[in-house]
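Asker: With the sequence up front, the predicted model follows.
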Amino acid sequence: MTLIDRLYKINEGIDNDYITYCYWGICNIILWFWGLFTKCKLSDKSEREERIIVSLTSFPKRIKYVWLPIRSLLCNTQRPDRLILWLSKEQFPKGENSLPRLLLNLKKYGAEFRFVEGDIKSHKKYYYAYREFKDDLVLLVDDDLIYPSYFISKMYEKWKISDKPSMVFNYGQRLYSAQGELLPADQRVDVLDEDNDSRTIMAGSGGGLMLRPSTLSPLITNKDLFLSLTPYSDDYWIDTNVRYSGLKMYKTRGGKLLQLYIYKDFRLWTINRVDGEDYLKRLNDYMINNYNFEPYPQNK
């Protein structure tokens, strides 16, 4: 069991929000020293039929910390074939010279940095990877989470045993009540347990989301549309497209996530929790009017 795995195990046993936030702060200090003074032991790339492409994005206020999530992924027991951090040229005009040394040091472990025109916000996480690696397995992650050593292998094993075409995700929110009624945004709770092919949960991409892009409708990469309907939420847009494309949805047993505690940080989930109701209605209205498809019916 690695240091991160042990920290995860302790994290799962804490049921108080205040203590959890304090614990995250302690973990950040521990992991900073872990990253500075320990070598990343790279596992051999196991033989598998599919390539696994880990894809994420970040922005200037978060860039000095993103090396920790990336390092945790590169040190996983199931090694990805590629790990790509997509960044906006507008936000990082000097390219790699804009990046901190701790992040650049991860190139020797296989980290890649790709600079793209414009800024499509969190949608950078999937947009470019879905266009470039259509027939590979793309694993989406966030830049403010630390991932345990078993994270990639758990996602891949779940995907292998799923009925295809499928999508596997690690974190989600319950959309419907026990009576089958669509819940308002402020009543949707996190789902930690495993769930097979459930459309009662909205998949979150940050905790980990794996699929083969070629199984999705081309609608997923309609830039003008997603910037109009869900400008700050890749989660709602991906989840809607997964449903529209007819993919089966499998949730792993994710447990509590271990987050970076960044002072005065900007987190998209705070916007999405507030605007989730509006996003969902917009998506429902648009898909019904243009595709005769309702991704989130009022009753299941």
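Answerer: Received it, and whenever you're ready, just let me know what you need. Residues are numbered from 1 along each chain as shown.
Asker: can you pull out the helices in the stretch 151-300 of the chain?
Answerer: 151-161, 223-229, 234-244, 268-291 (DSSP state H, counting those that start in this stretch).
Asker: I'd like those laid out as CSV, including mean pLDDT.
Answerer: Output for the helices of the stretch 151-300 of the chain, formatted as CSV (pLDDT from 0 to 100):
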stretch, mean pLDDT
helix 151-161, 95
helix 223-229, 96
helix 234-244, 96
helix 268-291, 74
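Asker: Of all the ones you listed, which one is nearest Asn97?
Answerer: helix 268-291 (26.7 Å; CB to CB). Quick note: C-beta positions are derived from backbone N, CA and C, even for glycine.
Asker: Need the winner for burial among the helices of the stretch 151-300 of the chain.
Answerer: Highest mean neighbour count of the helices of the stretch 151-300 of the chain: helix 234-244, a mean of 25 (counted as mean count of other CB atoms under 10 Å).
Asker: Which other helices and strands does that one contact?
Answerer: helix 124-132, strand 201-211, helix 223-229, helix 268-291 (3 or more CB pairs under 8 Å, 6 or more residues apart in numbering; DSSP states H and E).
Asker: Pull the distance from the second one to the chain's centre.
Answerer: Right, the one you point to is strand 201-211. 6 Å (CA atoms, centre = their mean, to the nearest Å).
Asker: and the residue lying closest to Gly25 once chain neighbours are set aside, how many neighbours?
Answerer: Leaving aside its sequence neighbours, Gly25 sits nearest to Tyr261 (CB to CB, 6 or more residues apart in numbering; 4.5 Å). By other CB atoms under 10 Å, the residues close to Tyr261 number 18.
Asker: List the residues that contact Tyr261.
Answerer: 21, 24-25, 27-28 (CB atoms under 8 Å, 6 or more residues apart in numbering).
Asker: Now, of the residues you listed, which are buried?
Answerer: By neighbour count, with 16 or more other CB atoms under 10 Å, these hold 24, 27-28 as buried.
Asker: With distance to Leu73, secondary structure and pLDDT added, can I get the residues you listed in CSV?
Answerer: Supplementary listing: those in CSV, determined by distance: CB to CB, whole Å; DSSP: H, G, I helix; E, B strand; the rest coil; pLDDT from 0 to 100:
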residue, distance to Leu73, secondary structure, pLDDT
Trp24, 18, helix, 91
Cys27, 16, helix, 95
Asn28, 17, helix, 92
